[in-house]
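Chemist: next comes the sequence, and after it the predicted model I'd like to discuss.
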Amino acid sequence: MKENPYYSFSQYIRENLNTKAYRVSIDAFFGCKENCIYCEEHYRKPRKLKIEEQIDNLIPILRGRYKAKDFYLYFQKGTNTDASVTELKKLYDRVLNYEDFIGLIIGTRPDYVNKKIINLINSYTDRYDTWIEYGLQSSLKSTLKKIQRGHTYEDFLKAIDITKDTNIKITVHLIIGLPGESKEDVITTVRRISSLPIHGVKFHHLYILKGTPLYQLYLENKYEPLDYKPFKEILIESIENLREDIVIHRIIGEDYSDHFVGPQWGMSKNQIINDIRNTMKKNNRFQGRLF
């Protein structure tokens with residue numbers, strides 16, 4: 001039986017950088033021009049705090065609560081490549097120089113990158129452990145249309161193609177519980193990305209926020225969020241179908257705002273993570289078992 005049922009980001013950091021590092025997640029005010037059914041309007045609006053103030057607030061918390069020694073600068077919220085190369089370089093340089101970061105993570109959409117932007121991001125790889133996160137969510141054409149994602153699976157493949165020969169590590173975001181998707185549909189997407197030159201994945205569960213089109217579907221009884229038991233089984237089987245060297249950065253999403261509607265599982269994030277790990281260990285289920 002494997003000690004670690006899946007290859008976590010913390011394990012990757014320990015093995016490759018010999019430290020304890022955490023992401024400093026910032027909102028760089030890019031927002032998002034698209035209209036996915038699960039995103040609420042405030043996601044497109046800038047935060048009140050300047051980026052430097054966000055960093056100053058987060059780092060002491062990460063040092064105190066988690067004993068973090070090093071940090072990744074994480075451009076998380078919004079489409080963080082939605083600007084000219086000149087503007088992006090000015091921003092990336094400014095924020096990277098504000099603190100002694102060891103890594104850089106840039107979250108974006110596959111339809112908002114080009115070769116010039118990728119070359120810019122690649123220029124940081126000699127100084128930082130550099131990742132780009134592509135929000136795919138699903139590889140199914142019908143699902144992407146249903147959730148109003150605004151890009152195709154082919155767009156995603158093009159983004160992979162222009163990134164694969166650089167030193168940038170690629171992470172893919174996937175959502176479990178999308179409208180109309182079965183366990184088999186999710187596994188299809190997992191197996192597809194496992195055949196690609198990617199380095200990481202983030203699993204999220206689909207949750208409902210007030211004021212979103214998804215919330216309206218929920219009120220009209222046209223969408224029901226997954227209960228914990230089916231989510232757990234889909235997630236574990238997805239991990240089993242994932243190539244074993246792919247780093248799993250996250251296995252569940254989270255939202256603690258007063259906009260959160262459900263699913264209500266009555267468990268904390270840590271309880272869920274521990275339950276997933278323990279279930280996998282107990283039943284000898286591990287990443288890559290079915291790949």
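Modeler: Yes, it's here. Numbering: from 1, shown residues only.
Chemist: remind me which residues of this protein are low pLDDT?
Modeler: For the chain, the stretches flagged by pLDDT under 70 are 1-2, 41-47.
Chemist: which residues touch residue 77?
Modeler: 25-28, 30, 43, 107 (Cβ atoms under 8 Å, 6 or more residues apart in numbering). (Each C-beta comes from the backbone N, C-alpha and C, glycine too.)
Chemist: run the last query once more with 6 Å
Modeler: Listed by Cβ atoms under 6 Å, 6 or more residues apart in numbering, the contact partners of residue 77 are residue 27.
Chemist: that one - that's part of a strand, no?
Modeler: No - Residue 77: not assigned to a strand; according to DSSP: H, G, I helix; E, B strand; the rest coil it is coil.
Chemist: helices of the protein, start to end?
Modeler: Here the chain has its helices, by DSSP state H, at 9-17, 51-66, 85-96, 115-122, 141-146, 153-163, 183-194, 213-219, 228-240, 269-282.
Chemist: reformat those as JSON lines; add distance to residue 204.
Modeler: Shown next, in JSON lines, are the helices of the chain (distance: least, Cβ to Cβ, whole Å):
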{"stretch": "helix 9-17", "distance to residue 204": "15"}
{"stretch": "helix 51-66", "distance to residue 204": "21"}
{"stretch": "helix 85-96", "distance to residue 204": "25"}
{"stretch": "helix 115-122", "distance to residue 204": "23"}
{"stretch": "helix 141-146", "distance to residue 204": "14"}
{"stretch": "helix 153-163", "distance to residue 204": "16"}
{"stretch": "helix 183-194", "distance to residue 204": "12"}
{"stretch": "helix 213-219", "distance to residue 204": "13"}
{"stretch": "helix 228-240", "distance to residue 204": "10"}
{"stretch": "helix 269-282", "distance to residue 204": "12"}
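Chemist: ok, residue 96 to residue 28 distance?
Modeler: Distance, residue 96 to residue 28, using Cβ to Cβ, to the nearest Å: 12 Å.
Chemist: if you count surrounding residues, which of those two has more?
Modeler: Neighbours were tallied for residue 96 and for residue 28 using other Cβ atoms under 10 Å; the higher tally belongs to residue 28 (22 against 15).
Chemist: the more buried one and residue 285, how far apart?
Modeler: From residue 28 over to residue 285 the distance is 38 Å, taken as Cβ to Cβ.
Chemist: check residue 234 too.
Modeler: Residue 234 is 13 Å from residue 285, by Cβ to Cβ.
Chemist: which non-adjacent residue is nearest residue 13?
Modeler: Distances taken as Cβ to Cβ, 6 or more residues apart in numbering place residue 21 nearest to residue 13, at 5.1 Å, with adjacent residues excluded.
Chemist: let me fix that, I meant to ask about residue 191.
Modeler: Distances taken as Cβ to Cβ, 6+ apart put residue 241 closest to residue 191, at 5.4 Å, once the chain neighbours are dropped.
Chemist: what's the answer for residue 95, then?
Modeler: Excluding the flanking residues, the one nearest residue 95 by Cβ to Cβ, 6+ apart is residue 51, at 5.7 Å.
Chemist: same question, residue 62
Modeler: Here the nearest residue to residue 62 in space, its sequence neighbours aside, is residue 68; by Cβ to Cβ, 6+ apart that works out to 4.2 Å.
Chemist: how many residues are close by that neighbour?
Modeler: As a burial measure, residue 68 scores 20 neighbours (other Cβ under 10 Å).
Chemist: test my guess that it contacts residue 59.
Modeler: No - assessed by Cβ atoms under 6 Å, residue 68 is found out of contact with residue 59, at 7.9 Å.
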